[in-house]
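Colleague: sequence? don't have it. structure:
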């Protein structure tokens, strides 16, 4: 699209990746339609712990990419320091065994990630809101550079900016599909709106991205799982950091509540033929009990809302970013860790779509690595 005066682009998907890409495309002068099946943040972005980090034992190139993603959030935070939906108050984790904890710390330190082994006594004196008796004798890892973001708030913020730049936001569009002719994108079709003529389209549809890619003959290994996120009612706690423990992960929310999840809940979730989910009520009770246990004072926690649904995950754990196959103007952004990566992915995907050139930072994440 590099030779066009004002390229016309559709971004399909109302999550944080889609909104970020749409905003950056509009910044680069494109005429943009952001089109989503339901409402903004109605998918995985609306039920994400939204931990900003590069804490796990990633490959070196992926770790570097995540760190650049965190840097973009720090720039945004510097411009919006009073916003309650983006905070950098650190992350604390502990593991089932001392060996696991030590291996993670060594890996983080080798990559230059700000990582500190701390004892329960140090946590009690330095990190408010944590129950020190919940920390094992082996201690914990403190990562002071980590943070969290409330994705629905960020999505609404970027969507407003998109509209100010002349972009269009179409919600409740129903099923959206891409129309091609002679191996190039020409239109998008929606269930509830007219067709839109475009020069390019981005599939930022979360767990549906592999299915949509398959319609164009491109296979993407898919390890998407199902996740449950609980939001509690407001609670009295001094916790400001993100906590990641063997049985529960949690963080504060902008309104004084807590966002809570845990990997073990996945095995208790049943997907029903009518497209809904079912799980035993005691799962929520157990998850809230685990959350209370790791908080100072063990406060009583009650559910305000919960969300359940697919958690996008490429088969090899790393993002799938860039042009989809050999179809001119068709791009894809399929990844986990949308919270950490949203700002940098949106920026660099927009660069590729407008210039027609591959960005070096995205090269390791091309779909061609699977073929």
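Modeller: Yep, it's here. This is a predicted model, so every value here is computed, not measured.
Colleague: so what does the nearest residue to residue 36 once chain neighbours are set aside have for phi and psi?
Modeller: Excluding the flanking residues, the one nearest residue 36 by C-beta to C-beta, 6 or more residues apart in numbering is residue 14, at 2.9 Å. Yep, even glycine has a C-beta here, placed from its N, CA and C like the rest. Per-residue torsions, residue 14: phi -100, psi 20 (degrees, to the nearest 10).
Colleague: so residue 14 is in contact with residue 43, correct?
Modeller: Yes: using C-beta atoms under 8 Å, residue 14 makes contact with residue 43 at a distance of 7.3 Å.
Colleague: neighbour count: these two, which is higher?
Modeller: Between residue 14 and residue 43, counted using other C-beta atoms under 10 Å, residue 14 has the larger neighbour count: 31 against 26.
Colleague: next, work out how far apart the more buried one and residue 35 are.
Modeller: 8 Å (C-beta to C-beta, to the nearest Å).
Colleague: show me the strands in the stretch 51-200 of the chain, by range?
Modeller: Assigned by DSSP state E, counting those that start in this stretch, the stretch 51-200 of the chain shows strands spanning 51-52, 86-87, 91-93, 116-118, 140-143, 147-149, 168-170, 176-181, 184-190, 196-197, 200-203.
Colleague: identify all contacting residues around the third one.
Modeller: Right, strand 91-93. 51, 53, 55, 104, 118, 123, 127, 130, 140-143, 146-147, 241-245 (C-beta atoms under 8 Å, 6 or more residues apart in numbering).
Colleague: switch the cut-off to 6 Å
Modeller: 53, 127, 140, 141, 142, 143, 146, 241, 242, 243, 244 (C-beta atoms under 6 Å, 6 or more residues apart in numbering).
Colleague: how much space separates the residue nearest to residue 36 from residue 96?
Modeller: For residue 14 relative to residue 96 (C-beta to C-beta), the value is 37 Å.
Colleague: next one: residue 270
Modeller: Residue 270 is 27 Å from residue 96, by C-beta to C-beta.
Colleague: same check, this time on residue 8
Modeller: For residue 8, the distance to residue 96 equals 52 Å [C-beta to C-beta].
Colleague: tell me which of the two has more neighbours.
Modeller: Just comparing residue 8 and residue 96: by other C-beta under 10 Å the higher neighbour count belongs to residue 8, 18 against 12.
Colleague: residues contacting that one?
Modeller: Residue 8 neighbours (C-beta under 6 Å, 6+ apart): 31, 198, 199.
Colleague: in this structure, where's the longest helix?
Modeller: Using DSSP state H, we find that the single longest helix of the chain is helix 60-79.
Colleague: residue 183 is in contact with residue 327, correct?
Modeller: Yes: using C-beta atoms under 6 Å, residue 327 is in contact with residue 183, at 5.5 Å.
Colleague: who has more neighbours, these two?
Modeller: Higher neighbour count among residue 327 and residue 183: residue 327, with 19 against 12, using other C-beta under 10 Å.
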